[in-house]
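**Student:** Any chance you could fold what I've pasted below:
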Amino acid sequence: MFPPAEVADDQGLVAVGGDLSPERLLAAYAAGIFPWPVLGEGYPHLWWSPDPRFVLMLDDFRVSRSLQRTMRRGGFEVRYDTAFNEVIAACAESRRPGRSDTWITDEMAAAYRELHRRGFAHSVEAFTSGELVGGLYGVALGGVFFGESMFSLCPDASKVALVALAERLRGWGFDFIDCQQETAHLARFGAQAVPIREFLARLGVALELPSRRGSWT
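**Tutor:** Just a heads-up that it's a prediction; the model follows:
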C-alpha cells in the first residue's frame, strides 16, 4: 500500500492520498508510517515517517521528582478506554501554538473511533472528582504503542496519564512508545531521536509480539 518509509523526503513525507480506512491505518503503522493532515480538512491525506524518529523506550522511561510527588498525593484517578470519544474530542479542541485550527479533522476522529471500536485504538484518561481533566490516545500493535495526541485541562493531568500508560505497557512487555516527532515535553520522560532505519528494525521486532486487542478497561 505504501512506499518504504526510508524513501520519505527531507520533511518526512512518504505518500499523498488514499483513505483512512482501518486497514490502511493499520498497514501504515505496521510500516512505520502515520497520517498527519497538516493542511486541514478537505485536502488529500498526507502520510509521514520522519528521520530521525522520536521514541520512548519503556526501559528508559523516567519520572521527575515533582511529578512523583503529585502522583503520591493521589489527586487523579486513571482509567483506560472509558471515555475514548471524549478524549479525542478534547485533543481536537487543543490548539497548537500559532494555529487556530486542529489537525484532528472530523474524518480523522471518525477513523480512530472505528479503530477503537475494533480494539486497536485506546485512551488513557485522568479524572479529578469524576471529571475528565486530561488524557491521551493512540494505537497499539504488537509491542508498540503509537501515541497520537494528548490534552490537559489542569497541571500534570496528561503527564499522570502518560506515566500510568508507560507502567502498564512495561508490565505487559511492550517495547516502546512511538512519539513520532520530537518535543521537549516527551524528552523529559526519556524519549529520544533514533535514525529511521534503527526505528524500523525495532518496530519489526516489536510487531512479532501479539497485539493486546480489545478494551483495556
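
**Student:** Assign a three-state SS to the residue nearest the centre of the chain, would you?
**Tutor:** By Cα atoms, centre = their mean, the chain has its centre lying nearest to Gly147, at 1.0 Å. Using DSSP: H, G, I helix; E, B strand; the rest coil, the structure places Gly147 in strand.

**Student:** go on, Ser66?
**Tutor:** helix.

**Student:** residues near it, how many?
**Tutor:** If you count neighbours by other Cβ atoms under 10 Å, Ser66 ends up with 9. Backbone N, C-alpha and C define where each C-beta goes, glycine included.

**Student:** Could you do the one 3 residues further on as well?
**Tutor:** Per other Cβ under 10 Å, the neighbour tally for Arg69 reads 9.

**Student:** Name the SS class of it, please.
**Tutor:** Secondary structure state of Arg69, per three-state DSSP, is helix.

**Student:** low-scoring stretches of this protein, by residue?
**Tutor:** Scanning the chain for pLDDT under 70 picks out 95-102.

**Student:** Break down it into its helices, ranges please.
**Tutor:** 22-30, 65-73, 84-93, 106-117, 157-172, 184-187, 196-206 (DSSP state H).

**Student:** Just the buried positions in the shortest one, please.
**Tutor:** What it means is helix 184-187. Leu186 (16 or more other Cβ atoms under 10 Å).

**Student:** Residues touching that helix, excluding its own?
**Tutor:** Residues outside helix 184-187 that contact it (Cβ atoms under 8 Å, 6 or more residues apart in numbering) are Phe54, Leu56, Cys179.

**Student:** go again using 6 Å as the cut-off
**Tutor:** By Cβ atoms under 6 Å, 6 or more residues apart in numbering, the list of residues contacting helix 184-187 from outside reads Cys179.

**Student:** list the helices and strands the lengthiest strand in the chain packs on?
**Tutor:** Criterion DSSP state E: the longest strand present in the chain is strand 131-141. Strand 131-141 sits against helix 84-93, strand 121-128, strand 144-152, helix 157-172, with contacts defined as 3 or more Cβ pairs under 6 Å, 6 or more residues apart in numbering; DSSP states H and E.

**Student:** repeat that for 7 Å
**Tutor:** Where contact means 3 or more Cβ pairs under 7 Å, 6 or more residues apart in numbering; DSSP states H and E, strand 131-141 is packed against helix 22-30, helix 84-93, strand 121-128, strand 144-152, helix 157-172.

**Student:** Taking strand 121-128 as reference, get the angle to the fourth one.
**Tutor:** Spelled out, it's strand 144-152. Computed with axes from the mean of the first three to the mean of the last three Cα atoms, to 10 degrees, the direction of strand 144-152 lies at 40 degrees from that of strand 121-128.

**Student:** Strand 144-152: partners in the sheet, and parallel or antiparallel?
**Tutor:** Next to strand 144-152 in the sheet, as set by DSSP bridges, lie strand 131-141 (antiparallel), strand 176-180 (parallel).

**Student:** Now tabulate the ones you listed in CSV and tack on distance to Pro22.
**Tutor:** Converted to CSV, the strands paired with strand 144-152 look like this (distance: least, Cβ to Cβ, whole Å):
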stretch, distance to Pro22
strand 131-141, 10
strand 176-180, 18
